[in-house]
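In: make a model of this:
(one chain, ligands or ions: 2)
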Amino acid sequence: MSDCLFCKIIGGEIPSTKVYEDELVFAFRDIAPMAPTHILVVPKAHLDSVDAVTAENSSVVAHIFEVIPRIAREEGLVNGYRVVSNCGADAGQTVKHLHFHILGGKPLAVEMA
Ligand code: 5GP
Ligand code: ZN
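Out: Ligands and ions are numbered 1, 2, ... in the order given. Predicted coordinates for the structure are as follows:
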């Protein structure tokens, strides 16, 4: 996906502040943080959104959810954190490469709408 912002970040074409990387996953700080800690965790293989997850590719999502608590621990999010994935227009997804926001470092607002 040559035109995808997060593919370019994964490839180093666009700079980012890397937090974690392995063969399947890349994590970096959000450019416009909504909380004291705001990290994006993405699969290296392009998927558009949660909507594109299938039985064939869901193992990367399981891996992401193994990585998330490790990142949270390293970031010192001992009081908890939120994991969010916006999927599609109504959710306000702006970058169409599957990503999970890790938000924490303060008590977070609870409203969802
Ligand atoms: P979404 O709105 O799709 O759920 O989340 C996209 C996120 O990507 C937003 O929180 C936005 O701040 C972040 N973002 C957009 N462009 C860049 C960028 O160039 N670098 C980084 N690090 N984050 C970005
Ligand atoms: Zn992509």
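In: past the helix ranked longest in the chain, which element shows up next along the chain?
Out: Using DSSP state H to define each element, the chain has its longest helix at helix 59-74. For helix 59-74, the succeeding helix or strand toward the C-terminus, using DSSP states H and E, is strand 81-84.
In: quick one: contacts of the longest helix of the chain?
Out: 19-20, 22, 24-25, 27, 39, 41, 43, 45, 47, 53, 81, 83, 100, 102, 104 (CB atoms under 8 Å, 6 or more residues apart in numbering). Quick note: C-beta positions are derived from backbone N, CA and C, even for glycine.
In: in helices, which of these fall?
Out: Among the contacts of helix 59-74, no member falls in helices (DSSP H).
In: now, these that are in strands?
Out: Members of these lying in strands (criterion: DSSP state E): 19-20, 25, 27, 39, 41, 43, 81, 83, 100, 102, 104.
In: shaky segments in the protein?
Out: Along the chain, the model assigns pLDDT under 70 to residues 1, 113.
In: tell me the residues of it that contact ligand 1?
Out: Residues of the chain lying close to ligand 1 by CB under 6 Å from any ligand atom are 5, 14, 16, 28-32, 40, 86, 92-95.
In: at 8 Å what do you get?
Out: Contact residues, the chain versus ligand 1 (CB under 8 Å from any ligand atom): 5-6, 9, 14, 16-17, 28-34, 38, 40, 84-86, 91-96, 99, 101.
In: so in terms of bridging, what pairs with the residue lying closest to residue 83 once chain neighbours are set aside?
Out: Excluding the flanking residues, the one nearest residue 83 by CB to CB, 6 or more residues apart in numbering is residue 100, at 5.5 Å. Taking DSSP bridges as the rule, residue 100 bridges to residue 41.
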